[in-house]
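> Predicted model and sequence follow; I will ask about them next.
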Amino acid sequence: MVHHITTPLSENAAKLLKAGDTVYITGTVYTARDAAHKRLAEIIEAGGEAPFPVCGGIIYYTGPTPAKPGQVIGSAGPTTSSRMDKYTPDLLDLGLRGMIGKGARSVETVEAMKRNSSVYFGAIGGAGALLGSAVIKAEVIAYEDLGAEAIHRLEVKDFPAVVVIDCEGDCLYETGRQRYIEVRDE
């Protein structure tokens with residue numbers, strides 16, 4: 001199924017998404033990678049607030065390259081999501097509704113997704129220039145000293161992704177593998 005979704009992502013909208021669905025995301029998405037997640041965790045643990053609205057938000061695990069003349073942003077491909085799993089359950093408990101990245105997630109992260117009606121989207125690795133073309137505005141909003149790993153606010157229009165893990169914990173990596181085996185053995 002194909003969905004056009006907007007941010008912030010509501011719980012009801014997230015619950016409609018199923019593993020394997022194609023989505024086109026429009027609205028605000030925030031970038032954060034390893035170093036930014038570490039700082040976010042330290043701030044939250046100390047009782048502070050994140051530098052962006054977490055509730056209903058979507059974090060894209062990317063470190064965009066600098067924009068070339070005439071571009072809003074450079075290449076913005078996904079990074080391996082499991083590196084953020086140490087910090088993700090706490091963000092999900094604060095209302096984070098979605099994450100965009102690549103690769104598998106930990107059991108703890110999936111359980112937190114199910115508990116909080118959150119979704120994990122996959123973006124295609126190696127397609128950073130194409131993904132960057134869906135960004136219509138970009139600005140650094142926190143941790144500028146981290147360079148590409150700073151937190152950016154991205155305005156996206158029809159950003160393409162696939163639901164890899166849905167709110168119920170169904171995982172495309174598992175169901176897709178099983179479907180491949182079934183088709184192969186027919």
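Perfect, I can see it now. Residues are numbered from 1 along each chain as shown.

> mind listing the helices in the chain by residue range?
Counting by DSSP state H, one finds helices in the chain at the ranges 11-16, 34-45, 88-93, 107-116, 128-132, 172-184.

> would JSON lines of those helices with mean neighbour count, distance to Pro53 and mean pLDDT be doable?
In short, each C-beta sits where N, CA and C put it, glycine included. Formatted as JSON lines, the helices of the chain follow (neighbours: other CB atoms under 10 Å; distance: least, CB to CB, whole Å; pLDDT from 0 to 100):
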{"stretch": "helix 11-16", "mean neighbour count": "14", "distance to Pro53": "15", "mean pLDDT": "98"}
{"stretch": "helix 34-45", "mean neighbour count": "17", "distance to Pro53": "13", "mean pLDDT": "94"}
{"stretch": "helix 88-93", "mean neighbour count": "20", "distance to Pro53": "12", "mean pLDDT": "96"}
{"stretch": "helix 107-116", "mean neighbour count": "17", "distance to Pro53": "15", "mean pLDDT": "98"}
{"stretch": "helix 128-132", "mean neighbour count": "19", "distance to Pro53": "23", "mean pLDDT": "84"}
{"stretch": "helix 172-184", "mean neighbour count": "12", "distance to Pro53": "28", "mean pLDDT": "73"}
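
> Determine which of the ones you listed approaches Gly63 most closely.
Of all the helices of the chain, helix 34-45 sits nearest to Gly63, with 9.1 Å by CB to CB.

> Packing partners of the closest one?
Applying 3 or more CB pairs under 8 Å, 6 or more residues apart in numbering; DSSP states H and E, we find helix 34-45 packed against helix 88-93.

> Turn the helices of the chain into JSON lines, columns for distance to Ser81.
Converted to JSON lines, the helices of the chain look like this (distance: least, CB to CB, whole Å):
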{"stretch": "helix 11-16", "distance to Ser81": "17"}
{"stretch": "helix 34-45", "distance to Ser81": "11"}
{"stretch": "helix 88-93", "distance to Ser81": "8"}
{"stretch": "helix 107-116", "distance to Ser81": "8"}
{"stretch": "helix 128-132", "distance to Ser81": "15"}
{"stretch": "helix 172-184", "distance to Ser81": "12"}
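
> and Ser82, which of the ones you listed is closest to it?
Nearest of those to Ser82, taken as CB to CB: helix 107-116 at 8.3 Å.
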